[in-house]
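*Asks:* need a 3D model of the following:
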Amino acid sequence: MKLVILDRDGVINEDSDAYIKSVQEWIPIPGSIDAIAQLSKAGWTVAVATNQSGIARGYYDLATLDAMHARLRMLVAEQGGEVGLIVYCPHGPDAGCDCRKPRPGMLKAIAAHYHADLAGLWFVGDSMGDLEAALAVDSQPVLVKTGKGPKTLAKAVPEGTLIFDDLAAVARALIHT
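*Replies:* Sure, this is the predicted structure:
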């Protein structure tokens, strides 16, 4: 199985320091929906692992989060693709859970669901927490220059991190290798 795991905010859709609190605020980054569809059509399973502390903070509820993910699935399906498992951490940063990135709980859950090995698997994110979660399970950290990517890139990213302009560039690299 060819599996790639994506962060959501800043990778698939525009990010906001004020949180994405509604379907109307969930705006795809140009090229990201097509990139997921292209990966899917090329035989890749595309899973998503996303921190969603806005739930714990009371900014939106699970029904709203589900509606955002339904929109993502619909847009990708309209392009002939499919989104696989979407896992999220609803906890705040101080909850001490194992699922909130940089902890690797969500990546492990996706691996268990697909009976996949995380070693070497690409995890695409835009933050240092994403890169650290990838490293915690021996996955390949991949940084995109969308969302928080430019700020993350300004820091010392882990050695061996692959860097791409956006999700479309990641998709091209995976499809043509």
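*Asks:* what residue of this protein is the furthest out?
*Replies:* For the chain, the residue at maximal distance from the C-alpha centroid (Cα atoms, centre = their mean) is residue 58, at 21.9 Å.
*Asks:* show me what the closest residue to residue 85 other than its chain neighbours is bridged to.
*Replies:* By the measure of Cβ to Cβ, 6 or more residues apart in numbering, the closest residue to residue 85 outside its immediate chain neighbours is residue 47, 4.7 Å from it. Quick note: C-beta positions are derived from backbone N, CA and C, even for glycine. Here residue 47 shows beta-bridge partners residue 5, assigned using DSSP bridges.
*Asks:* related to what we said a few turns ago, now do the same contact list for the residue farthest from the centre of the chain.
*Replies:* By Cβ atoms under 8 Å, 6 or more residues apart in numbering, the contact list for residue 58 is empty.
*Asks:* could you measure from it over to residue 162?
*Replies:* Relative to residue 162, residue 58 is positioned 36 Å away (Cβ to Cβ, to the nearest Å).
*Asks:* nearest spatial neighbour of residue 168, chain-adjacent residues omitted?
*Replies:* Nearest non-adjacent residue to residue 168 (Cβ to Cβ, 6+ apart): residue 31, at 3.8 Å.
*Asks:* so how far is residue 167 from the one you found?
*Replies:* 7 Å.
*Asks:* just to revisit the earlier point, what is the burial count for the residue nearest to residue 168?
*Replies:* By other Cβ atoms under 10 Å, the residues close to residue 31 number 16.
*Asks:* repeat for residue 33
*Replies:* For residue 33, the count of nearby residues is 23 (other Cβ under 10 Å).
*Asks:* helix/strand/coil for it?
*Replies:* Judged by DSSP: H, G, I helix; E, B strand; the rest coil, the three-state class of residue 33 is helix.
*Asks:* do residue 172 as well
*Replies:* At residue 172 the chain is in helix, as set by three-state DSSP.
*Asks:* tell me the pLDDT at it?
*Replies:* The model reports residue 172 with a pLDDT of 98.
*Asks:* please apply the same query to residue 128.
*Replies:* The model reports residue 128 with a pLDDT of 97.
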